[in-house]
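Student: Need coordinates for the below:
(chains A and B, ligands or ions: 1)
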Amino acid sequence: MIFNKLSERLSAALAGVLSMLFVSAADAEYALNMTRGVTPISRDLYGLHMIVLWICVVIAIVVFGVMIWSIIYHRKSRGAVAANFHENAQVEVFWTVGPLVILIAIAIPATATLIDLEDAKTNADINLQVTGIQWKWKYNYIDEDLVFISTLAQSSRDVIKDPAGHENYLLEVDQPIVLPINKKIRFLFHSDDVLHAWWVPALAVKQDVVPGFINDSWAVIEKTGTYRGQCAELCGKDHGFMPIVVEAVTQGEYEQWLVDKKAEAAAIAESADKEWSMQDLLAQGETVYKGNCAACHGPTGAGIPGVFPALSNSPVATGDPAGHINIVMNGKAGTAMAAYKSQLSDVDLAAVITFERNSFGNSVGDMVQPSAIKNSR
Amino acid sequence: MTTITADDDHDPHAAHDDHGPDKGLTRWITTTNHKDIGTLYLWLAFIMFLTGGTMAMVIRLELFQPGLQFVEPGFFNQMTTMHGLIMVFGAIMPAFVGLANWLIPMMIGAPDMALPRMNNWSFWILPFAFTMLASTLFMEGGGPAFGWTFYAPLSTTFAPDSTDYFIFAVHLMGISSVMGAINVIATILNMRAPGMTLMKMPLFVWTWLITAYLLIAVMPVLAGAVTMMLTDRHFGTSFFDAAGGGDPVLFQHIFWFFGHPEVYIMILPAFGVISAIVPTFARKRLFGYDSMVYAVASIAILSFLVWAHHMFTTGMPVAGELYFMYATILISVPTGVKVFNWVSTMWKGSMTFETPMLWALGFIVMFTIGGLSGLMLGVAPVDTQYHDTYFVVAHFHYVLVTGALYSIIAAFYYWVPKWTGHMYNETHGKIHFWWSTIAVNVLFFPQHFLGLAGMPRRIPDYALQFAEFNMISSIGGFAFGLAQVFFLYIVIKTIKGGEKASDLVWEGATGLEFEELSSPPPYHSFTVAPDIK
Ligand SMILES: [Cu+2]
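Tutor: So this is what the prediction gives:
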């Protein structure tokens, strides 16, 4: 079994190397080189990257060429006798000034692109606030009053031991962001906890997400499609598991999506007013727990000793509901436990709390209703 | 306490150069001899290199295939963190201090280092520091898991309890480094034989003199950073805590104000080593000695002025990014001068290719590749796409593994016949070189592609399109690791015995250590100052 899989992978690897050598440059580009992307900036960056790359290649060829020449022709076994020179002011000045000229040639286009890249403030059509949270992204369409959280899709989590053949493994989310093409989108970045970095290569946006600061960046997406990215700054245990998915659509589709998405949010808010059954709460709670809490408190509620407390037999999770509600809603300042009232709906909060009180060997037996959460907001 | 006093060493009439070391373990614990301490440093570095290498093997094993097969993400982060810390502070830096100890007195015509007792201390602090650092892996909550750059607030508010041990270990390493640096400076400035003017010193001595100043300048900055972490964690300050009015980005400024010169601390002595080896095997004087010295000095000065090129995505103002971009790419000028000078030294030489020369040539080629990718990274706008990807990982492994480490291995093969009086086995040395060089390129070259294709660094698992290159890279990694076990065998075998080395060792060798001293040299190098021509 294992060996089959291994040999399969090995031959795939070999094929990778071979294709690297033989396949035409255009085909190989996808896996070997920087993406051209779908924004004006990403194209500029690609162009600049290629210019600098070729300059480096030429320098390398010249330097290594001279080196190889002397290795071949100036070797003792060929009877070469060492010359006596050991300095030459002219050539030394030449190879100080020569590189300087090349550098200036690089710096001029780089400066122009950089100034362009940093021009997020002017003429934005859409403002999207992005908040990094261990280990998910919160998106706030500021002009639309639409907020949601996007995490790694459960389908990726399910195959984590053996993802072979799972398309978009680790690059799929439960709720992608949708953006219209040909509009200037200004991203505003902020973190609730540690540093993260929001990176979508095709948009050429990579920006650190820093607590206490608001950074910005921008993109005009020129082609419809799905663009995927990842967190790029080490942010703790699940740094590798906070992907980003951007769906770029036409303006009409975008507007329809906004309408649907808002209706969905309204329905969820409304469902907080009805009385929920234990069964429904537990089912919903399990989903919420897996997506939001299991990363720290563990899939079985065992936590990680010394870092994240266990929830099974936890005095809080089995004690007075008020205390339990309080820590989940308000978190604990100065620890990794976040205030979930700004991340989860009333229903999800009620469900996950109820779930914790009646799972992992805990059997308090009581329920927390969404209305109770709504009232304590 | 000991019967050997430093004063004896300075008495040219006392016939003390034959009294040899103490016997047994106390020799190593109480030694104040530069050669013994050099040996201790080199062994510590080797042990740390194998330890950090084992961690790299764990990393490459987990990354062999997509999916989580072997370790948990939390432990993976501890491995990347410890691997980085151990390789930087435990392997590369102590190895260069070991070389400095062995070589500087012999190269400048001195009997020993200027401050032998402090020398003993600066070594013996280190085993304690690294034991403490490694012990965190066994503590509840695990060891440091925030990367070797330990950015706040992941390393403060969100760090495991063991972080305090890490902080203390860093303090100890810093104290050791500063003491070592003071010793190097005192030795070079005070103990040169008459006639050994500054501009006659071998480049290795020059590079170490400048490195020592860098160490003294930046190790206290590192100590400051970890102390601020400590007070943030326990004493209610908020240097890096935004909730208390602090600034997480400040941490990065402080760290990289230390970190960038640190990079040059790990490469300048390597320049010195290569500048010694290439002329020997080209049988031709080093081209452009003066410009080499000036290049090293300008690199050192520039290294203080470019730190924020590690921070192009933190949200700096455009003016700041432009300045740091210009300053950064400017460093490639003096660095280029060095490479051009080495190549000109070979030009019209009479070259042979013994093992040390092979490693030196490997250094020049692959360090240049790392330098060129560094130039690419310095172009600020494009760094948006490169930053925090495997492209960066590839870049710094080309300069640190095939750069710094290659120079250390080259130095070993070049000077070990002098140190022990035994030649290493030339066939073994060559196998070691070719095996390592093929493996290291299989290991790191594909990482350029991974980074460009979009794979972030420091992730324990990855999307399927990265699978092939990761597998290739891992195979290269295991092969490279194995090659270094073979190196351990070569080292031990050479120390134990081997063909007798002549005093000059290499036909084209120059310098006091080869021209004036026997192989192996006497316990106290120069009890009578040599004549400098
Ligand atoms: Cu993150």
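
Student: Right, and chain A sits closest to which residue of chain B?
Tutor: B:A242 (2.5 Å; Cβ to the nearest Cβ). C-beta here means a position set from N, CA and C on the backbone, and glycine is covered the same way.

Student: Isn't that residue up against A:F213?
Tutor: Yes. Applying Cβ atoms under 8 Å, one finds B:A242 in contact with A:F213, separated by 7.4 Å.

Student: Just give the nearest non-adjacent residue to A:Q129, would you?
Tutor: Distances taken as Cβ to Cβ, 6 or more residues apart in numbering or on different chains put A:N140 closest to A:Q129, at 3.9 Å, once the chain neighbours are dropped.

Student: ok so, going back, contacting residues for the residue of chain B closest to chain A?
Tutor: By Cβ atoms under 8 Å, 6 or more residues apart in numbering or on different chains, the residues touching B:A242 are A:V210, A:P211, A:G212, A:F213, B:P153, B:P248.

Student: Same check on B:P202?
Tutor: Residues counted as contacts of B:P202 (Cβ under 8 Å, 6+ apart) are B:M107, B:G272, B:S275, B:A276, B:G511.

Student: Please, where are all the helices along the stretch 1-150 of chain A?
Tutor: With DSSP state H, counting those that start in this stretch, the ranges of helices along the stretch 1-150 of chain A come out as A:2-22, A:25-32, A:40-73, A:89-117.

Student: Could you measure from B:Q447 over to B:I409?
Tutor: The spacing between B:Q447 and B:I409, counted by Cβ to Cβ, to the nearest Å, is 21 Å.

Student: which residue is nearest the middle of chain B?
Tutor: With distances taken as Cα atoms, centre = their mean, chain B has B:I92 as the residue nearest its mean C-alpha position (2.8 Å).

Student: Sketch out the low-pLDDT regions of chain B for me.
Tutor: By pLDDT under 70, the weakly predicted segments of chain B are B:1-20.

Student: For the ion, give me its nearest residue in the stretch 101-250 of chain B.
Tutor: B:L154 (9.8 Å; Cβ to the ion).

Student: Please give me every residue in contact with that residue.
Tutor: So B:L154 contacts A:V194, A:L195, A:L234, A:C235, A:G236, B:F146, B:G147 (Cβ under 8 Å, 6+ apart).

Student: got it, and B:L68?
Tutor: Contacts for B:L68 were tallied using Cβ under 8 Å, 6+ apart; they are A:I160, A:K161, B:E62, B:P460, B:D461.

Student: repeat for A:G240
Tutor: A:G240 makes contact with A:L170, A:Q230, A:C231, B:P73, B:P456, B:R458, B:I459, B:P460, B:D461, B:Y462, according to Cβ under 8 Å, 6+ apart.

Student: how about residue 193, secondary structure?
Tutor: You didn't say which chain, so I picked chain A. Per DSSP: H, G, I helix; E, B strand; the rest coil, the secondary structure class of A:D193 is coil.

Student: Phi and psi next, for residue 198.
Tutor: The chain I'm using is chain A. Note on A:W198: backbone dihedrals following degrees, to the nearest 10 are phi -90, psi 120.

Student: List the beta-bridge partners for it.
Tutor: On the basis of DSSP bridges, A:W198 is bridged to A:Q207, A:C231.

Student: Next one: it, what pLDDT does it get?
Tutor: What the model reports for A:W198 is a pLDDT of 97.

Student: measure it to B:T149 for me?
Tutor: 19 Å.
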